[in-house]
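# Have a look at this prediction, sequence included:
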Amino acid sequence: MTTVTLAPATPAVAAGPRKPKRSWVFHAVMAPVTLLWVLPLAFVIMVAVRNFDDIASNGLGTWPKSFTLQAFRTAWVDGQLGGALRNSVVVTVCTVIAVLFLSSLAAFALSRYHIPAGRAILLLMLAGNLLPPQILLIPVAKICELIGIYDTLLALVVVQVGFGMGFFTFVLYGFMRSLPYEMFEAAKIDGAGDLRIYATIVLPLCRPALAALAALESTWVFNDLLWTLTVLRTDAKFPITASLLNLQGGYTTSWNVVAAGALIAAVPTTIVFFAFQRHFVSGLLVGANK
Amino acid sequence: MSTAETAARSSTTGPPRSSISAGQRRRRFGRRSVTRRVPPVVWALLLVPLLVELAWVFWPAFNSFQLSFTKWSGVGVAEPVGLKNYRTLLYDPIFHTAITNNVIWIVAFGGLSVVIGLALAVALNKPRRGVGAYRSGIYLPMVFSLAVTGLFWRVLYQPDGPINAILAAIGIDTGQHQWLADPNTALAAILVAALWRQAGYIMVLYLAGLKGCDPTLEEAAAVDGASWSQRFRYIVFPQLRNVNTVIFAVTVIDSLRTFDIVWAMTRGGPYNSTQLLSTYMYQVGFTQVNLGYGSAIAVVIFLLAIAFIITYLVRATREE
């Protein structure tokens, strides 16, 4: 019998008859509080589905008197969010795969072999991820110009991979160290080489950690704005966050289009969140325990 | 070759495996590894990622330090100016605003998100009906990017928008206040938007911390007659020390990085009233293309962050 099952039982016995009332109080407090978090989103959706004339004559703060999806169309086609979303997906997928692959290599070497000063290398890599990105921006833009990848999606991927590496190496290192030692010994006895152990034993065992980190990193990369503004210049190459700000500049008075655009940009991360909720939360916790 | 060697050795030296404790095993493994050379292929596995990070993180960071002692517009040769950029910073009123705003941001953003997040976590800790829905509702904003969050709230903050409408409905007439265009309210307005997004994240971290608390301690205190607030103050909260350290370091590091949401909502305006160090650095470096001066601001951000980075690293080492 675990104490976890015991804990809620004790107050329930003590407060037996009062329980319905306390539950009523709980919901009376929490429902409005949660509403505070949901309402802003609901309002934005309401603005996005109204037409321009309705907003112009009745103001943004009233109930919708019209319903149209025209604003989404305008944002998607005229606002070029469709192309921007494609750019975002390309950058996100490439970055997540590259950063998880490279950092799993480093983590494997550091966790399974006695690398001289391995601990120092690990902490140095983690420290790199904790640096304020501002200290990298100007030189990173200059280096991209110098090697000719400035204003390409490749530059964005490379920069994000370099900056994210330390954190993922650190987390995967911790995870790989916790894998049972016997497996490695058995594989070695069977004559498996180092690369083979990595590919056929370590990577499959790391799947839960890799899934959590992939969910986390995909939202980070997808949501990034600063690196985009640093290495990209052409509007057509912008991922969705940067494109959204352009949209906002171009449609200053059409708040329904801005709202629709922001909602379009929010959809992919929301899908990732609900599809991988468990991974996502465990990824966040991994992040907290780094 | 080396694997065969290892295999041979482990089969000859291995006493019955079940008799070895985990600690002994690790030590044995460690000692053997010292004598064994790290295979070149493993070195390659480590060096490729390490070189990528050195080239794209540490080398640029080092360059920023160098650039901060120069005057450079991006073309031609950077002209060395010694400490001039840092002296200029001392008398730059916008820089002073940015530093002040950043301090306000760290204290208000950090403090309020911890208070709100902890309160929500305590309220939603015990499983009961509806808890899942409340949790999801509160941490949903966390998945929106800061830029999206900023645009959401720009819509809400419009003079004829929902926020003023609600305030008017509950009897507070704001006269269509322009929250983001008024230098007195712009920073607070951005802060509210940022808190809306952050609270759920802090709540998740505290929920995990509360799960790690030993329930028997609280139970024993309850049996001994400790009130709810006493139990929280003396039993639960001390057990959250680790989570608190993490949240503290993460919040400060994040606050010094804060850029997206300000950029999406005000770009530092009106009249630089919402300028943070990161937005000012971006403006100087990329809008005014004053690369030396921008680098000096970046170095200041780095120096402010370094203590907290070290806190974080020390904790990371201890946990190993």
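Nice, I can see it. Residues are numbered from 1 along each chain as shown, chains lettered A, B, ... in the order given.

# Distance of the closest residue to residue B:79 other than its chain neighbours relative to residue B:93?
Using CB to CB, 6 or more residues apart in numbering or on different chains and skipping the chain neighbours, the partner closest in space to residue B:79 is residue B:71 (4.7 Å). For glycine as for every other residue, the C-beta is placed from the backbone atoms N, C-alpha and C. Taking CB to CB, to the nearest Å as the measure, residue B:71 falls 20 Å from residue B:93.

# Look through the stretch 151-290 of chain A and state the residue closest to chain B.
residue A:162 (2.7 Å; CB to the nearest CB).

# Please, which helix or strand holds that residue?
Taking DSSP states H and E as the criterion, residue A:162 maps to helix A:153-177.

# just checking, what packs against that helix?
Where contact means 3 or more CB pairs under 8 Å, 6 or more residues apart in numbering or on different chains; DSSP states H and E, helix A:153-177 is packed against helix A:81-112, helix A:118-130, helix A:134-146, helix A:207-223, helix A:226-231, helix A:277-288, helix B:40-53.

# residue contacts, residue A:246?
By CB atoms under 8 Å, 6 or more residues apart in numbering or on different chains, the contact set of residue A:246 is A:79, A:235, A:238.

# could you flag which of the residues you listed are buried?
Those of those that meet the buried threshold are A:79, A:238, by 16 or more other CB atoms under 10 Å in any protein chain shown.

# Nearest to residue A:202, out of the contacts of residue A:246: which one, please.
residue A:238 (37.4 Å; CB to CB).

# So the spatially closest residue to that closest one that is not a sequence neighbour versus residue B:223, what's the distance?
Closest residue to residue A:238 apart from its sequence neighbours, by CB to CB, 6+ apart: residue A:84 at 5.6 Å. For residue A:84, the distance to residue B:223 equals 60 Å [CB to CB].

# coming back round to it: what is the subsequent helix or strand relative to the helix holding residue A:162?
On the C-terminal side of helix A:153-177, the nearest following helix or strand under DSSP H and E is helix A:181-189.

# so where's chain A uncertain?
Counting by pLDDT under 70, chain A has low-confidence residues at A:1-21, A:283-290.

# roughly how far apart are the most centrally placed residue in it and residue B:217?
Chain A has residue A:219 as the residue nearest its centroid, 2.0 Å off, counting by CA atoms, centre = their mean. Per CB to CB, residue A:219 is found 36 Å from residue B:217.

# how about the helices in the stretch 201-320 of chain B?
Under the criterion DSSP state H, counting those that start in this stretch, the stretch 201-320 of chain B contains helices at B:215-223, B:228-230, B:237-239, B:241-257, B:260-265, B:277-282, B:291-319.

# picking up where we left off before, now the helices and strands packed on helix A:153-177 in CSV, please, with extra columns for distance to residue A:25.
Below are the helices and strands packed on helix A:153-177 laid out as CSV (distance: least, CB to CB, whole Å):
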stretch, distance to residue A:25
helix A:81-112, 44
helix A:118-130, 42
helix A:134-146, 47
helix A:207-223, 35
helix A:226-231, 44
helix A:277-288, 27
helix B:40-53, 52
